[in-house]
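**Student:** Got a sequence here, can you build the structure:
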Amino acid sequence: MHYHKYRLIIPFMLPAVGLYALFVLYPYAQAIYLSLTSWRGVSANKPFVGLDNYQRLATDERFLEALSRNAQLLVILPLATIAIGLTFAALFTQGQQAVRGASFYRVVFFFPQVISSVIIGILWSYVYNPNIGLLNGVLGAGGLDALERTWLADPSLILWSIAAVAIWSGVGFYMVIYLAAMQSIPSSFYEAAV
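**Tutor:** Okay, here's the model as predicted:
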């Protein structure tokens, strides 16, 4: 009985497994093999060097700096995004005590989730533009010319500039998740807590 069931499942799974192997597993295997060679991508010659590339990578200052910045983002982004999303969700679900216009703000904060990442990148490149950017324009109009910066060219600011964009684009997702959970809490619990 079970044999007949598997006989029917396997032909249906073979195309999916084949496509997965062709478009995911094969490129991974090829990338791992190429990482063990000194191939520059131009010649047909691919001399095998073993783990030399990885040893060189472990002492490369740029790689270590990039790894450090990625680790910082790995800590900062989830903490900030989840905390801000939870705060907004709490502000927008308190029943009678919710912020006025809460449904409008829900849409505004969720809106970045429906925008393409490419559009978000283009939008924020205009915000951070040092000459015609919105951020420097607002700072200049507010009399804070001393705070105008080249936001994406300053090594001390770029991590925070990227983090701000990532947080802005991710807060809406967590806010909606928390909103859904908080709206299922009976209002009597809120009343008892106050």
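**Student:** how close does the residue nearest to the spatial centre of the chain get to L144?
**Tutor:** The residue lying closest to the centre of the chain (Cα atoms, centre = their mean) is A166, at 5.7 Å. Per Cβ to Cβ, to the nearest Å, A166 is found 25 Å from L144. For glycine as for every other residue, the C-beta is placed from the backbone atoms N, C-alpha and C.
**Student:** give me phi/psi at the residue nearest to the centre of the chain?
**Tutor:** phi -60, psi -40 (degrees, to the nearest 10).
**Student:** Which elements pack onto the lengthiest helix in the chain?
**Tutor:** Of all the segments of type helix in the chain, defined by DSSP state H, the longest one is helix 61-92. Under the contact criterion of 3 or more Cβ pairs under 8 Å, 6 or more residues apart in numbering; DSSP states H and E, helix 61-92 touches helix 102-110, helix 155-183.
**Student:** rewinding a little: isn't the residue nearest to the centre of the chain up against I84?
**Tutor:** No. In this structure, A166 is not within contact of I84 by Cβ atoms under 8 Å, at 11.6 Å.
**Student:** rewinding a little: quick check: the residue nearest to the centre of the chain vs A90, distance?
**Tutor:** Distance from A166 to A90, by Cβ to Cβ: 22 Å.
**Student:** where in this protein is pLDDT low?
**Tutor:** Segments of the chain classed as low confidence (criterion: pLDDT under 70) are 1-4, 94-99, 190, 193-194.
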